[in-house]
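J.: sequence first, then the predicted structure, then my questions.
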Amino acid sequence: MSTEGNRLLIKMNTIHGYQDWLNSSIIDIDTKKELLRIKGNQKEIEDRFYKELSFGTGGLRGIVGAGTNRLNIYTIRKITQGLANYIKKNQREPEIQTVVIAYDCRHDSDTFALEAALVLAANDIKAYLFDSLRPTPELSYAVRHLKCSAGIVITASHNPPKYNGYKVYGSDGGQITLNMANGIIQEIGAIDLFSDVKTIDQQEAMDKNLLVYIGAKVDRSYLSEVVNLSFRKEIAKQVKDFRIVYTPLHGTGLMLIKKALKILGYRNVYLVKSQINPDGNFPTVKSPNPEEREALAEGIKLAQNIDADLVLGTDPDGDRVGIAAKTSRGIYQVLTGNQVGALLTNYIVTSKKRISSKDAVIKTIVTSDLGAKIAESYGATVFNTLTGFKFIGEKMKEFEESQEYIFLFGYEESYGYLAGTFVRDKDAVIASILITEMTAYYQSIGMTLFDVLEKIYREYGYYSDFLESLTFNGKEGQEKIKEIYEKFRNKKTLLKIFHNLECIEDYQSQVRITPKFSKAELIDLPKAEVIKVFLKDGSWFAVRPSGTEPKLKIYYSTIGNSSEKSKEILDKLKQKIQRFLINAEATTF
């Protein structure tokens, strides 16, 4: 079909979808009023109806609103019906199946969670629903703790306020595998929104014991596991004046992180009052993303006022944490995810009595190699996975089944960390108590985190890293992201810019190739839209479309014999990437 013909088909389908929603008796009056307000706005109608929200390898995220390309009670119901159908078809035991559901502070999260629970109940699947918002890692824990078939969390993590999302977890507590995701996608695709979705009244679901509210009991069990991960439970008593500033950035982390720190004896915990109340508008920050220095600005301001030792900030669903620590000169400096990951790796391997090759550290392919070098130097085995903590969770399950390795620590550069095996996703509660303990311990021996980092750099090399995100909104934006990504996959153009190219890893083709293309090796990882380019000086960069945001992400990593040299190499590499982008625009593909 020609491009013009394809556009005409999209336009026709858009108009039909819009009218179907307006005419359906299933759609409520408020949703219809929202749709009538955009009557005649063809661009807005097309963006809402040109496609259905895509359920990916772990779930989906989308803008909250009316339409098939929006998140609303009807798209939530359809997705959950697909999940219910999948569970029913694949259940092995005759007894009732169960699913646990959590949600965060975002707009309509509690409504969406209840709607999902009622669809499950209508399909004779028992839903355990948390009685108030909870962090995502506790959902991962609850799946295993309650022995559920699956878990659902309503969250859009650190996306802007207009977004919400729906993530699915398997019975192991990890994000669903590719096979399960494909099975759910197939079931969703076979469902008619207006005729195939079942639901039930809330009271009826409760009377039938198909909707059960949970909360404090699971919290206590989870926190017991968290605090047992401490290596030095006595450290809080040794540094009694240790001061912590914490902000949940209007999200879910407050209750559990505050309790965990209290149990471990940290008494001087100061909260950023303007950011403690859950609020899906995130009014005090430009973005509720702990990767952004601005997100910790209020915390740093409070830390300066009270002379705190550490600032912790968690994202809305409580699975990622950013930190700022005090230097020896009393300045608060934000650390990158790669730096914190390397510090935690170092702290864990030096705190354990014995490390062997059976101990496994897992990181993603876009994460700095510094932590890996540390782990390997102590005898641990390092594994690389694709981007996304679900792949780290899959390796943990593999270790559990084979008993070949023991999971020690997993992390990714985007501020996600995990120790212990009772959770199978990144966990800001666990990370917060370990970061706090690590900082307090080093303070007790007269060192700041930056002193430790400098010691690590001197031994393993000075690493610099940087993440560049190019944002492209809407349908046209998605096309632009794909276009630029494909240009990065053109090996001949890469060679024209990067004369010191060592090798290229194309994860979409699953091959590793040398510049002369004389040798290709298979990459033993699933297919993914990632291109990673290694240079002869030890630097690398990687390019991938984000799976959760309308962004193209470019990751940089450089190494030098000094901090200045590493940063100089990084600046030059960034300039080359910009030249490549300009050159690629003139290249025909």
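T.: All right, it came through fine. Computed from a predicted model, the values in this text were never measured in an experiment.
J.: so what touches stretch 291-306?
T.: 158, 243, 245-247, 249, 270, 272, 274-275, 284-290, 308, 310-313, 320, 322-324, 326, 332, 334, 337, 414-415, 467 (CB atoms under 8 Å, 6 or more residues apart in numbering). C-beta coordinates here come from the backbone N, C-alpha and C atoms, glycine included.
J.: and with 6 Å instead?
T.: Outside of stretch 291-306, the residues that reach it under the criterion CB atoms under 6 Å, 6 or more residues apart in numbering are 245, 247, 270, 272, 285-286, 289, 311, 313, 322, 324, 332, 334, 415.
J.: same check, this time on stretch 424-438
T.: For stretch 424-438, the external contacting residues (CB under 6 Å, 6+ apart) are 137, 140, 173-174, 226, 230, 232, 235, 253, 256-257, 260, 312, 314, 318-321, 323, 347, 389, 393, 396, 416-419.
J.: what about burial for the residues you listed, which qualify?
T.: The neighbour-count test (16 or more other CB atoms under 10 Å) marks 137, 140, 173-174, 226, 230, 235, 253, 256-257, 260, 312, 314, 318-321, 323, 347, 389, 393, 396, 416-419 as buried among those.
J.: so which of those residues are in strands?
T.: If you go by DSSP state E, those have 312, 314, 321, 323, 416-418 in strands.
J.: can you give me the buried ones in stretch 514-527?
T.: With burial defined by 16+ other CB under 10 Å, the residues of stretch 514-527 counted as buried are 515, 523.
J.: end-to-end on that stretch?
T.: The separation between the terminal residues of stretch 514-527, taken as CA to CA, to the nearest Å, is 19 Å.
J.: gap between it and the chain center?
T.: Counting by CA atoms, centre = their mean, to the nearest Å, stretch 514-527 is centred 28 Å from the centre of its parent chain.
J.: average pLDDT for the longest helix along the chain?
T.: When the chain is parsed with DSSP state H, its longest helix is helix 563-585. Helix 563-585 carries an average pLDDT of 86.
J.: that one: how far from the chain's middle?
T.: The chain centre lies 27 Å from the centre of helix 563-585; the measure is CA atoms, centre = their mean.
J.: quick check: phi and psi at the residue nearest to G215 when sequence neighbours are not counted.
T.: Closest residue in space to G215, ignoring its immediate chain neighbours: D131 at 4.2 Å, by CB to CB, 6 or more residues apart in numbering. Backbone geometry at D131, expressed as degrees, to the nearest 10, gives phi -80, psi -10.
J.: so how far is I152 from D131?
T.: Here D131 is placed at a distance of 15 Å from I152 (CB to CB, to the nearest Å).
J.: who's more crowded, these two?
T.: Neighbours around D131 and I152, counted as other CB atoms under 10 Å, are more numerous at I152. The numbers are 29 against 9.
J.: the more buried one in helix, strand or coil?
T.: In the three-state summary, I152 is assigned as strand, counting by DSSP: H, G, I helix; E, B strand; the rest coil.
J.: so T252 makes contact with G318?
T.: Yes. The criterion here is CB atoms under 6 Å, and T252 meets it with G318 at 4.4 Å.
J.: anything in contact with each of those two?
T.: Applying CB under 6 Å, 6+ apart, one finds that T252 and G318 are jointly contacted by P135.
J.: ok, then the element right after the lowest-mean-pLDDT helix or strand in the chain?
T.: One helix or strand of the chain scores below all others by mean pLDDT, DSSP states H and E: helix 3-23, with a mean of 71. For helix 3-23, the succeeding helix or strand toward the C-terminus, using DSSP states H and E, is helix 29-36.
J.: residues of that next one that come out buried?
T.: Along helix 29-36, the positions that meet the burial threshold by neighbour count (16+ other CB under 10 Å) are 31, 34-35.
J.: repeat that for stretch 299-308.
T.: Taking 16+ other CB under 10 Å as the neighbour-count basis, stretch 299-308 is seen to contain the buried residues 299-300, 302-303, 308.
J.: out of those, which is nearest to T14?
T.: Relative to T14, the closest of the buried residues of stretch 299-308 is G299; by CB to CB it sits at 44.6 Å.
J.: any idea which element the closest one lies in?
T.: With DSSP H and E as the test, G299 turns up in helix 297-306.
J.: centre of the chain versus that helix, how much separation?
T.: When C-alpha coordinates are averaged (CA atoms, centre = their mean), helix 297-306 and its chain have centres 27 Å apart.
J.: tell me the mean pLDDT for that helix?
T.: In this model, helix 297-306 carries a mean pLDDT of 97.
J.: leaving out chain neighbours, which residue sits closest to V511?
T.: Across the structure, with CB to CB, 6+ apart as the measure, the residue nearest V511 apart from its sequence neighbours is A520 (4.8 Å).
J.: okay, and the beta partners of the one you found?
T.: Using DSSP bridges, the bridge partners assigned to A520 are I513.
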